[in-house]
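Trainee: kindly generate the corresponding structure for this input.
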Amino acid sequence: MIVRKLRLQRGWSQSQLAEMAGVTSRTIQRIEQGQKSSLETSKALASVFEVDLSIFQPEEETMIKESNLKDDELEAMLYAKRIKEFYEFLIGYLSCAAVFLMAFHGHPLIYIVLGFVGVGLIIQGLIAFEVIGFFGPNWEKKLIEKKLGRKL
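Mentor: Purely as a prediction, here's the structure:
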């Protein structure tokens, strides 16, 4: 996406950019559609656009940062992500519940549906706050070790 933005800012066509970078037009199309570029292609594009290489390789930096995290840090990040998702779901549930209760007040089906979704919300909250834990990091690790047939 960044390649397209930079290309359009300079008023270049895909074929012009491809020629300057020494790659094919199809490569430029693929990169603009979101596919990851090779390191050599990224270097060529960075040179053509006169920008830093890290602009075209942000995913690798993120992966390196994540791999440098300790297990307890990863678990804390997962915990925070679960809590965030729970609160997002809670806000959505309360908003929809208010709208549906105003629109369909008195229909028993609405109360049944909201009740079942509410039970799902409660279960998600219990999992998010680690009161119950069906599929935690330990479960994932055991599953990976089982699939690989060895310890990680």
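Trainee: following the helix or strand bottoming out on mean pLDDT in the chain, which helix or strand comes up?
Mentor: Least confident helix or strand, the chain: helix 58-67 with a mean of 52, by mean pLDDT, DSSP states H and E. Beyond helix 58-67 on the C-terminal side, the first helix or strand identified by DSSP states H and E is helix 71-103.
Trainee: any buried residues in the helix or strand just after that following helix, and which?
Mentor: Sequence order places helix 108-128 as the next helix or strand after helix 71-103, per DSSP H and E. Across helix 108-128, burial judged by 16 or more other C-beta atoms under 10 Å covers 114, 121, 124-125, 127-128. C-betas here are computed from N, CA, C, even on glycine.
Trainee: again with stretch 21-39
Mentor: 21, 23, 27-28, 31-32, 37.
Trainee: report the distance from it to the chain centre.
Mentor: Remark: stretch 21-39 is offset 22 Å from the chain centroid, using C-alpha atoms, centre = their mean, to the nearest Å.
Trainee: ends of that stretch, what's the gap?
Mentor: With C-alpha to C-alpha, to the nearest Å as the measure, stretch 21-39 spans 13 Å from end to end.
Trainee: and if you look at stretch 27-46?
Mentor: By C-alpha to C-alpha, the extent of stretch 27-46 from end to end equals 15 Å.
Trainee: again with stretch 131-151
Mentor: Terminal residues of stretch 131-151 are spaced 28 Å apart (C-alpha to C-alpha).
Trainee: now it, how far from the chain's geometric center?
Mentor: Averaged C-alpha coordinates place stretch 131-151 at 21 Å from its chain's average position (C-alpha atoms, centre = their mean).
Trainee: try stretch 119-136
Mentor: 21 Å.
Trainee: ok now do the closest residue to residue 101 other than its chain neighbours, which residues does it touch?
Mentor: Nearest residue to residue 101 in three dimensions, chain neighbours excluded: residue 110, at 6.8 Å (C-beta to C-beta, 6 or more residues apart in numbering). Shown in contact with residue 110 (C-beta atoms under 8 Å, 6 or more residues apart in numbering): 100-101, 104.
Trainee: I appreciate the help and will end here.
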